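In: pasting the sequence and the predicted model now:
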Amino acid sequence: MTIGIGIVSWIALPSSFTIFNFGDQKAVKNWQLFLCVAVGLWAGLIIGFVTEYYTSNAYSPVQDVADSCRTGAATNVIFGLALGYKSCIIPIFAIAISIFVSFSFAAMYGIAVAALGMLSTIATGLAIDAYGPISDNAGGIAEMAGMSHRIRERTDALDAAGNTTAAIGKGFAIGSAALVSLALFGAFVSRAAISTVDVLTPK
């Protein structure tokens with residue numbers, strides 16, 4: 001995907017162009033925009049891998065949460081909450097680094113382009129996100145139809161995989177929403193010519 005983005009950037013974009021950054025002009029090269037798109041794409045990839053690690057039953061975090069159920073519900077809730085907070089660390093750093101790099105190369109326009117790079121895998125993200133409800137409904141139909149326990153075990157495995165894919169899709173959506181919201185806020189501030197923001201004097 002990165003190679004394809006690089007080829008498209010080299011062919012479709014001009015070698016250099018000028019953007020406006022809060023009243024100032026900034027010269028941007030086509031390779032800088034390519035890096036903005038690539039940074040957004042890589043940040044989404046990192047978010048997807050981290051989400052899979054913390055939500056799949058094939059890895060230790062989910063297995064540790066299951067083991068914590070042996071000592072009671074309170075331990076399970078506390079351990080699960082702590083694990084949820086821990087799982088947000090790497091995605092936050094990935095989004096922050098992508099914002100910093102893309103802003104350094106192409107200002108607010110670079111952040112918007114990084115969001116576009118993260119959303120370039122939206123087709124795959126929607127497909128894996130739709131897998132979760134399908135597998136969940138299949139398990140419910142098997143249970144209501146009174147099918148054998150063996151079939152229910154298979155649908156439970158599919159349901160577990162569906163929960164993981166749904167979480168991966170949400171990670172992509174939230175990460176891209178963070179970049180897009182920041183780009184929209186920057187566009188509003190730039191268009192309205194707001195130099196400073198003071199919450200004590202809302203005008």
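Out: Right, received. Where do you want to start? Just so it is clear, the structure is predicted and the values come from calculations on it, not from any experiment.
In: okay, CA-based contacts and neighbour counts for the rest of this
Out: OK.
In: can you give me how far the lengthiest helix in the chain is from the chain middle?
Out: Among the elements of the chain assigned as helix by DSSP state H, the one spanning the most residues is helix 149-192. In terms of CA atoms, centre = their mean, to the nearest Å, the centre of helix 149-192 is found 6 Å from the chain centre.
In: check which helices and strands that helix is in contact with.
Out: Packing partners of helix 149-192 (3 or more CA pairs under 8 Å, 6 or more residues apart in numbering; DSSP states H and E): helix 30-55, helix 89-118, helix 122-144.
In: got the angle for it vs helix 89-118?
Out: Comparing the axes of helix 149-192 and helix 89-118 via axes from the mean of the first three to the mean of the last three CA atoms, to 10 degrees yields an angle of 70 degrees.
In: report the mean per-residue pLDDT for helix 149-192.
Out: Across helix 149-192, pLDDT averages out at 82.
In: if we can go back for a sec, which one of the helices and strands packed on helix 149-192 has the lowest average pLDDT?
Out: helix 122-144 (a mean of 82).
In: give the buried residues for it.
Out: In terms of neighbour count (16 or more other CA atoms under 10 Å), helix 122-144 has its buried residues at 125-126, 128-129, 131-132, 135-136, 139.
In: returning to that earlier point: who wins for proximity to residue 79 among the helices and strands packed on helix 149-192?
Out: With CA to CA, the closest approach to residue 79 among the helices and strands packed on helix 149-192 belongs to helix 30-55: 12.8 Å.
In: got a pLDDT number for residue 74?
Out: Confidence score, pLDDT, at residue 74: 88.
In: and it, what element?
Out: Assigned by DSSP states H and E, residue 74 belongs to helix 73-87.
In: flag every buried residue along that helix.
Out: In helix 73-87, counting by 16+ other CA under 10 Å, buried: 76, 79-80, 83, 87.
In: still on that earlier bit, would you mind getting the angle between the longest helix of the chain and helix 122-144?
Out: Using the same axes, to 10 degrees: helix 149-192 against helix 122-144 is 150 degrees.
In: state the distance from the residue most central in space within the chain to residue 134.
Out: The centroid of the chain falls nearest to residue 172 when counting by CA atoms, centre = their mean (2.6 Å). Distance, residue 172 to residue 134, by CA to CA, to the nearest Å: 20 Å.
In: kindly report the same for residue 162.
Out: For residue 162, the distance to residue 134 (CA to CA) stands at 8 Å.
In: same deal with residue 189?
Out: Going from residue 189 to residue 134 by CA to CA gives 43 Å.
In: and for residue 150?
Out: Relative to residue 134, and taking CA to CA, residue 150 is found at 19 Å.
In: cool, and residue 158?
Out: Taking CA to CA as the measure, residue 158 falls 9 Å from residue 134.
In: check residue 59 too.
Out: For residue 59, the distance to residue 134 - CA to CA - is 23 Å.
In: next: residue 123.
Out: 17 Å.
In: and for residue 76?
Out: As judged by CA to CA, residue 76 and residue 134 stand 28 Å apart.
In: confirm that residue 19 lies within a helix, as I assumed.
Out: No. Assignment of residue 19 by DSSP: H, G, I helix; E, B strand; the rest coil gives strand, placing it outside any helix.
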